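1. Could you look at this predicted model? Sequence included:
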Amino acid sequence: MENDTIRSSGGNTLVDLWVEGKVRAICVSRGAIAAHMGIPGERASALSDDECCDFVRTRLALVMAAAKDRLRQTGPATSNVVIEAGHLGPPGVGDRRRTERRKSDRRKADQPHKVPVVGDRRRAQRRSADRRGGTKKRG
């Protein structure tokens with residue numbers, strides 16, 4: 001996305017996106033960004049304009065999802081979508097790469113028939129012969 005399509009104006013960050021078949025002006029408030037980042041309300045004004053633009057640029061999927069949700073609430077004819085605090089979701093939502101995705105052990109100890117036998121199950125080497133055939137003689 002080009003740098004001029006995401007801009008900051010006062011306490012809001014503005015971006016024009018194609019949402020639900022139409023280009024819409026999406027306004028993300030500084031309070032929404034601070035709430036999603038887990039920054040208390042009184043420190044929200046400490047976010048610079050560049051930090052807010054970077055937040056929106058790196059989390060466009062999250063902003064799109066929030067915009068679609070707001071469109072369902074306000075109606076499909078809306079051309080300006082305002083995303084306030086709480087509309088982006090709680091802090092850390094959508095940040096799955098930073099946490100362990102597997103919630104429990106993969107192999108269950110209480111089901112011994114599902115636990116694989118320790119060791120390699122191959123009886124022979126995977127490739128017993130050279131992968132490439134011998135060289136052909138030309139002549």
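-> Thanks, I have it.
2. what's the closest non-adjacent residue to G11?
-> Take G11 and drop its neighbours on the chain: the residue closest to it by C-beta to C-beta, 6 or more residues apart in numbering is R30, 4.5 Å away. Where C-beta positions appear, they are placed from N, C-alpha and C, glycine not excepted.
3. Look up how far A77 lies from that neighbour.
-> 27 Å (C-beta to C-beta, to the nearest Å).
4. Equivalent analysis for A46, please.
-> Relative to A77, and taking C-beta to C-beta, A46 is found at 37 Å.
5. and what of D69?
-> 16 Å.
6. Which of the two has more residues huddled nearby?
-> Neighbours per residue, other C-beta atoms under 10 Å: of D69 and A77, the larger number sits with D69, 15 against 7.
7. Which strands and helices lie in contact with the one helix or strand that one maps to?
-> Assessed by DSSP states H and E, D69 sits inside helix 60-74. Under the contact criterion of 3 or more C-beta pairs under 8 Å, 6 or more residues apart in numbering; DSSP states H and E, helix 60-74 touches strand 12-19, strand 22-29, strand 80-83.
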